[in-house]
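here is my input; please provide its structure:
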Amino acid sequence: MFKKIMAFVLLFISFTTVVSAENHKPIEIFHIEKGVVIQSVPSTDKIQTETKKLINGTTGLSKKFNPIPDQGYMIKVPFERATTIENEWFHDLVDQVVFIFPKDDKPHYLLFNDENTPFFFNFDGNPHHLLKELNFDPASVT
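Residues are numbered from 1 along each chain as shown. Purely as a prediction, here's the structure:
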């Protein structure tokens with residue numbers, strides 16, 4: 001089961017789209033149940049800032065047995081430049097973060113280290129500003 005979930009996550013992360021005119025890599029919003037990208041949004045400096053604020057609110061490793069839910073959505077935010085993420089549990093250069101929003105649980109996020117090992121983290125902070133910048137309302141996801 002875990003291999004199936006990881007293959008699903010890796011497939012989502014490797015999904016590529018055309019780069020926008022601003023040369024920012026697009027942000028992809030993925031519907032977990034449907035298994036498809038439902039929205040692609042050009043990245044902005046404000047989105048990059050909001051993403052880093054949420055990561056700076058890391059409270060620890062996620063201890064969930066199955067960190068990828070059956071329902072909800074994921075948001076892949078590529079960084080414009082590889083960024084060093086450093087906290088008590090992780091220290092590595094990363095080029096993207098994937099926020100995971102389970103339907104009935106608190107959100108968390110996923111990073112991969114340079115050996116492609118996944119790390120799931122909990123965070124404090126309200127993702128409202130990020131979602132507003134993405135013009136995405138989770139309640140509208142059906």
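
most centrally placed residue in this protein?
Centroid-nearest residue in the chain, with CA atoms, centre = their mean: Val98, separated by 1.6 Å.

for the longest strand along the chain, which outside residues touch it?
In the chain, with assignment by DSSP state E, the single longest strand is strand 72-86. The contact list for strand 72-86 (CB atoms under 8 Å, 6 or more residues apart in numbering) reads 12-13, 24-32, 38, 43, 47-48, 51-52, 55, 91-103, 105, 111, 130, 134, 136, 138, 141. C-beta: built from backbone N, CA, C; applies to glycine.

if we can go back for a sec, isn't the residue nearest to the centre of the chain up against Tyr109?
Yes. Judged on CB atoms under 8 Å, Val98 makes contact with Tyr109 at a distance of 6.4 Å.

so which residues of this protein form helices?
Assigned by DSSP state H, the helices in the chain fall at 2-14, 45-56, 128-133.

and the second one with strand 72-86, angle?
Orientation note: helix 45-56 sits at an angle of 80 degrees relative to strand 72-86 (axes from the mean of the first three to the mean of the last three CA atoms, to 10 degrees).

all set, thanks.
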